[in-house]
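Chemist: Requesting a structural model of the entry that follows:
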Amino acid sequence: MLDDLRANSWSLRPCCMVLAYRIAHFCSVWRKKSVINNLWAAPIILLYRFFTECLFGYEIQAGATIGRRFTIHHGYAVVINKFVVAGDDFTIRHGVTIGNRGKSLACPVIGNGVELGANVVIIGDITLGNNVIVGAGSVVLDSVPDDALVVGQKAQIKVLK
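Modeler: Numbering: from 1, shown residues only. Okay, the predicted model is just below:
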């Protein structure tokens, strides 16, 4: 957790967001080990969801697995599904959505050193390699190799009948 605090430059809001996620993730993992653990862990997770979603406006689900040095810049409107796996040195900005597509529960697997710009959407059963930078406003629907830069997709007009 100390690595996370340093990565966020000790800024109050991002540090609180990451610490809250780390505590909720710990509770999420331990509550599955026995029924007795559920008695103390479930209320903590409920409080976490209430404070993060209702008061602070972001949803990083406790089941998501995120590596060390998780950095958040302006974390408003962030949504991360509980099945997402992200590596170390993961950086996100406001408006980021990472999750599944349709009825499938498969979510993205994100490598080490990945940086996501503002309002990025990453959905589906895809993999982002190591050292990937995703530009602001990009919608990523396909896997991305290591050491790549991903920029937004041109909008396409579809005529509705």
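Chemist: How much space separates I66 from D3?
Modeler: 12 Å (C-beta to C-beta, to the nearest Å). Quick note: C-beta positions are derived from backbone N, CA and C, even for glycine.
Chemist: Compare these two (neighbour count), which wins?
Modeler: A count of neighbours by other C-beta atoms under 10 Å puts I66 above the other of I66 and D3, at 21 against 14.
Chemist: Give me the mean pLDDT for the longest helix seen in the chain.
Modeler: Longest helix in the chain, counting residues (DSSP state H): helix 12-31. For helix 12-31, the mean pLDDT works out to 84.
Chemist: Would you mind pulling up the elements that the very next helix or strand once past it packs against?
Modeler: Following helix 12-31 in sequence order, the next helix or strand is helix 35-49 (DSSP states H and E). Judged by 3 or more C-beta pairs under 8 Å, 6 or more residues apart in numbering; DSSP states H and E, helix 35-49 is in contact with helix 12-31.
Chemist: what's in contact with the helix it packs on?
Modeler: Here helix 12-31 makes contact (C-beta atoms under 8 Å, 6 or more residues apart in numbering) with 1, 4-5, 8, 37-38, 40-42, 44-45, 48-49, 51-52, 56, 58, 60, 62-66, 70-73, 75.
Chemist: how about the residue most central in space within the chain, what does it touch?
Modeler: In the chain, the residue lying closest to the centroid (C-alpha atoms, centre = their mean) is I80, at 3.8 Å. Neighbouring residues of I80 by C-beta under 8 Å, 6+ apart: 59-61, 64, 66, 96, 98-99.
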